[in-house]
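# model this:
(chains A and B)
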Amino acid sequence: MFKDTEHLVRLAVVMAIALALFAALRTALVPRSFGQYGHYRGAAIAETAARPIAFAGHDVCEGCHTDVVDQKKQGRHVVVPCEACHGALAKHADDPATVKPPKLDTAVLCARCHEANSAKPKGFPQVVTADHSGGVACNTCHQPHRPKIEDSPAKPATEARK
Amino acid sequence: MDFTRRRLLLLLPAAAVAWKFVLAGTPEASPNYKLSEHWWSMLIDIPKCIGCGSCVRACAQENDVPEGFYRTWVERYHVADWKIERPEVESPDGGKQGFPPSESDGKNFFVPKLCNQCADSPCTQVCPVGATFVTPDGVVLVDKTYCLGCRYCVQACPYGCRFINPKTQTAEKCSLCYHRITKGLTTACCEVCPTGARQLADLKNPQDPIHAFLKTHTVQVLKPHMATQAKVFYNGMDGSVR
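Sure, this is the predicted structure:
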């Protein structure tokens, strides 16, 4: 035994305290879920999943608007989901009485899909809106839920066409 | 009121219990959802895409994507005659408001892009703090409370799918609408796609229509040579698509 063992004891105590401090800090600072699934905070998955939704989904719309479902079934727009045109309406679905869907401008909306463009698939119905309607709103003639004119009994359609 | 030693000792266990709840994070949102039962992907049918931009608008609305940034976007390819190796690609405002008239020569088509949800993703490999990761159900997510905004992942993504949110200064990307798919809904972009060009698919679900589709179609992923194990499958993709 050499004479200055006291130095070693002190050093050991200091190191023990440092280690204990490190362990305590690590437990306190590293989130508990870190490493649950991998090198990341596992709780982040549930946090991301907890975000509220904006689009209700067409199943929810169809639960109430059965008349529109019947109309859509008779035309090619049967495949177009409600919120593709009407926009995000989860708030309306939660509270239909106070949150009303906005009015839509068919001149803008229909053209987004149906304005002629050579990059669109060949079989897709396209028109050059300026030549086709000359700026008249599409729903003057077409009923958007059932767009083909022959079999559409839309109210002002026949008058506007002359 | 004196802050005595007795008081401090009484307070410590209470503080410990409170801290435990802080660390536990928010409670599980969808109790019936099992991470191990899903393996999410997406199918994109290029010949069905009409370039209407509904997906881009819906994504921005669903996920509060800042103006000028895109979690998904639509590109228009113009491959002039004799120039398959040099396609002209444009995406004005991410295709959010549709596209101006296309060239009449060569071939023109639209390609929707989004995070490819790579199973072996370069972006998660470079993150120095574990702020981005592949979930057990196959979605690449960003933990914005952990992200430092160092931009390594933005550079690492071979598909250009990531950006730094100017408000939070953290990395952001398509989350495959994780908050929707875990509730049994489809993603916002798939929900609004009027032609069904985008379809969410669960590769672990034997009932998913993607299995029948993959049997009868020739699909491809973007940049297969990067070996990222991308899970966004493109049907009818032209060789000029990058």
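
# contacting residues around the residue lying closest to B:Lys173 once chain neighbours are set aside?
When the adjacent residues along the chain are set aside, B:Lys173 lies closest to B:Arg162, with 4.6 Å between them (Cβ to Cβ, 6 or more residues apart in numbering or on different chains). In short, each C-beta sits where N, CA and C put it, glycine included. The contact partners of B:Arg162, by Cβ atoms under 8 Å, 6 or more residues apart in numbering or on different chains, come to B:Cys115, B:Cys123, B:Cys153, B:Val154, B:Ala171, B:Glu172, B:Lys173.

# state the distance from the residue nearest to B:Gly106 when sequence neighbours are not counted to B:Val89.
Nearest residue to B:Gly106 in three dimensions, chain neighbours excluded: B:Ala80, at 4.2 Å (Cβ to Cβ, 6+ apart). Plainly put, B:Ala80 is 12 Å away from B:Val89 if you go by Cβ to Cβ, to the nearest Å.

# now the most centrally placed residue in chain B: closest residue in space that isn't a chain neighbour?
For chain B, B:Cys174 is the residue whose C-alpha lies nearest the centre (Cα atoms, centre = their mean; 2.6 Å). Computed as Cβ to Cβ, 6+ apart, the closest residue to B:Cys174 that is not its neighbour in sequence is B:Cys115, at 3.7 Å.

# who's in contact with that neighbour?
Taking Cβ under 8 Å, 6+ apart, we find B:Cys115 in contact with B:Arg71, B:Val140, B:Cys157, B:Tyr159, B:Cys161, B:Arg162, B:Lys173, B:Cys174, B:Ser175, B:Leu176, B:Val232.

# same thing but at 7 Å, please
Under the criterion of Cβ atoms under 7 Å, 6 or more residues apart in numbering or on different chains, the contact partners of B:Cys115 comprise B:Val140, B:Cys161, B:Lys173, B:Cys174.

# tell me the pLDDT at the third one?
Going back to what we said before, that points to B:Lys173. Here, the pLDDT recorded for B:Lys173 equals 97.

# tell me the contacts of residue 65?
I went with chain A, as the question did not name one. Applying Cβ under 7 Å, 6+ apart, one finds that A:His65 lies in contact with no residue.

# hm, I was asking about chain B
So B:Val65 contacts B:Cys59, B:Arg71 (Cβ under 7 Å, 6+ apart).

# how about low-confidence regions in chain A?
Along chain A, the parts satisfying pLDDT under 70 run over A:1, A:150-162.

# which helix runs longest in chain B?
Identified as the longest helix of chain B according to DSSP state H is helix B:5-24.

# tell me the SS of residue 149?
If you meant another chain, say so; for now it's chain A. coil (DSSP: H, G, I helix; E, B strand; the rest coil).

# I figured it hits A:Gln143, correct?
No. The criterion here is Cβ atoms under 7 Å, and A:Ile149 misses it with A:Gln143 at 8.5 Å.

# the two - which one has more neighbours?
It is A:Gln143, of A:Ile149 and A:Gln143, that has more neighbours when counted by other Cβ atoms under 10 Å in any protein chain shown, with 20 against 13.

# so what's that one bridging to?
A:Arg146 (DSSP bridges).

# helix or strand right after the lowest-mean-pLDDT helix or strand in chain B?
The least trusted helix or strand in chain B, going by mean pLDDT, DSSP states H and E, turns out to be helix B:5-24, with a mean of 73. Scanning the chain past helix B:5-24 towards its C-terminal end, the next helix or strand to appear is strand B:40-45 (assignment: DSSP states H and E).

# might you list the low-confidence residue ranges for chain B?
Within chain B, the segments meeting pLDDT under 70 span B:1-2, B:20-30.

# would you list every one of the helices in it?
With DSSP H, the ranges of helices along chain B come out as B:5-24, B:54-63, B:122-126, B:152-156, B:178-181, B:188-192, B:210-216.

# nearest to A:Ser133, of those?
helix B:54-63 (21.4 Å; Cβ to Cβ).

# which elements pack onto that closest one?
Using 3 or more Cβ pairs under 7 Å, 6 or more residues apart in numbering or on different chains; DSSP states H and E as the contact definition, the elements that helix B:54-63 packs against are strand B:72-79, helix B:188-192.

# name the residues that touch it?
For helix B:54-63, using Cβ under 7 Å, 6+ apart, the contacting residues are A:54-55, A:84, A:88, B:65, B:70-74, B:94-96, B:112, B:177, B:188-189, B:191-194, B:198.

# what parts of chain A come near chain B?
Residues of chain A found near chain B (Cβ under 7 Å from any Cβ of the partner chain) are A:31-33, A:37-41, A:43-51, A:53-55, A:57, A:79-81, A:83-84, A:88, A:112-113, A:115, A:117-121, A:124.

# leaving out sequence neighbours, find the closest residue to B:Met237.
Distances taken as Cβ to Cβ, 6+ apart put B:Gln220 closest to B:Met237, at 5.0 Å, once the chain neighbours are dropped.

# isn't that neighbour right next to B:Asp238, touching?
No. The pair formed by B:Gln220 and B:Asp238 falls short of the contact definition of Cβ under 7 Å, at 9.8 Å.

# can you dump the C-alpha coordinates of the longest helix of chain B into PDB?
Taking C-alpha atoms only, helix B:5-24 is exported to PDB below (Å, rounded to 0.1, in the frame of the first residue of the first chain):
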ATOM      1  CA  ARG B   5     -36.900  20.600   3.900                       C
ATOM      2  CA  ARG B   6     -40.100  18.600   4.800                       C
ATOM      3  CA  ARG B   7     -42.000  20.400   2.100                       C
ATOM      4  CA  LEU B   8     -39.400  19.800  -0.500                       C
ATOM      5  CA  LEU B   9     -39.300  16.100   0.400                       C
ATOM      6  CA  LEU B  10     -43.100  15.900   0.100                       C
ATOM      7  CA  LEU B  11     -43.100  17.700  -3.200                       C
ATOM      8  CA  LEU B  12     -40.400  15.500  -4.900                       C
ATOM      9  CA  PRO B  13     -42.600  12.300  -5.400                       C
ATOM     10  CA  ALA B  14     -45.400  14.500  -6.800                       C
ATOM     11  CA  ALA B  15     -43.000  16.200  -9.300                       C
ATOM     12  CA  ALA B  16     -41.700  12.700 -10.300                       C
ATOM     13  CA  VAL B  17     -45.200  11.500 -11.100                       C
ATOM     14  CA  ALA B  18     -45.900  14.700 -13.100                       C
ATOM     15  CA  TRP B  19     -42.700  14.300 -15.000                       C
ATOM     16  CA  LYS B  20     -43.500  10.700 -15.900                       C
ATOM     17  CA  PHE B  21     -46.700  12.000 -17.600                       C
ATOM     18  CA  VAL B  22     -44.800  14.700 -19.500                       C
ATOM     19  CA  LEU B  23     -42.400  12.100 -20.900                       C
ATOM     20  CA  ALA B  24     -45.200   9.700 -21.800                       C
END
